[in-house]
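1. Got a predicted structure plus its sequence, pasted below:
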Amino acid sequence: MLPDPDTYPDRDVVIYDGQCSFCASGVKRLHQLDRFGKRLAFLSLHDERTAERYPDLTHEMLMQEMFVVDSEGNRHGGADAVRYFSRRLPLLWIAAPILHVPGTASLWRHLYRFVGRNRYWISQKFFGGKPDCDGDSCSIHLRR
């Protein structure tokens, strides 16, 4: 069970696509990497609390990339969230030097957006995952 922001209000909140098995798997790994610091709580973008708490983060924005809202209220999205984690989670410090090479932020953002746009397809094609979608909304994401 992932830590809930209601139970741990002092933690950074990771907002992710809970209907994407690729994303859910990544968030579980992220939670495992957080075992020492206990710094993260998790919330699906499809949870009604997300829109209530973070009205500035639109559904469209959240469908494009994962966001982390830090304990000071700052928003870090996509590759910038990954870079943020590399500074906050000791087990990811090893990745920090490459993620923070001067001039590479746009490259990481481009790669993150590519994966984000194709996450349902990647999940299905390489991990056998099936998104948990309402109605026929998966057909939109899986169309390639």
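-> On my side now, so go ahead.
2. Tell me which stretches of the chain form helices.
-> 21-33, 48-53, 59-64, 79-88, 96-99, 105-117, 119-127, 137-142 (DSSP state H).
3. Just give me the residue right at the centre of this structure.
-> When Cα atoms, centre = their mean is applied to the chain, the residue found nearest the centroid is residue 66 (3.2 Å).
4. surely it meets residue 13?
-> No - contact status for residue 66 versus residue 13: not in contact, 11.0 Å apart, counting by Cβ atoms under 8 Å. Where you see a C-beta, it was placed from the backbone N, CA and C, and this is true even at glycine.
5. I'd like the distance from residue 41 to residue 56, if you could.
-> According to Cβ to Cβ, to the nearest Å, residue 41 and residue 56 sit 19 Å apart.
6. Name the residue in the two with the higher neighbour count.
-> More crowded of residue 41 and residue 56, by other Cβ atoms under 10 Å: residue 41, with 21 against 7.
7. So what sits opposite the more buried one in the bridge?
-> residue 13 (DSSP bridges).
8. Please name the residues that touch it.
-> In this structure, residue 41 makes contact with 2-5, 7-9, 11-14, judged by Cβ atoms under 8 Å, 6 or more residues apart in numbering.
9. Those into TSV, with extra columns for pLDDT and neighbour count?
-> Listed next are the contacts of residue 41 as TSV, based on pLDDT from 0 to 100; neighbours: other Cβ atoms under 10 Å:
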residue	pLDDT	neighbour count
2	92	17
3	93	18
4	94	15
5	95	22
7	93	9
8	93	15
9	93	10
11	95	20
12	97	23
13	98	22
14	98	26
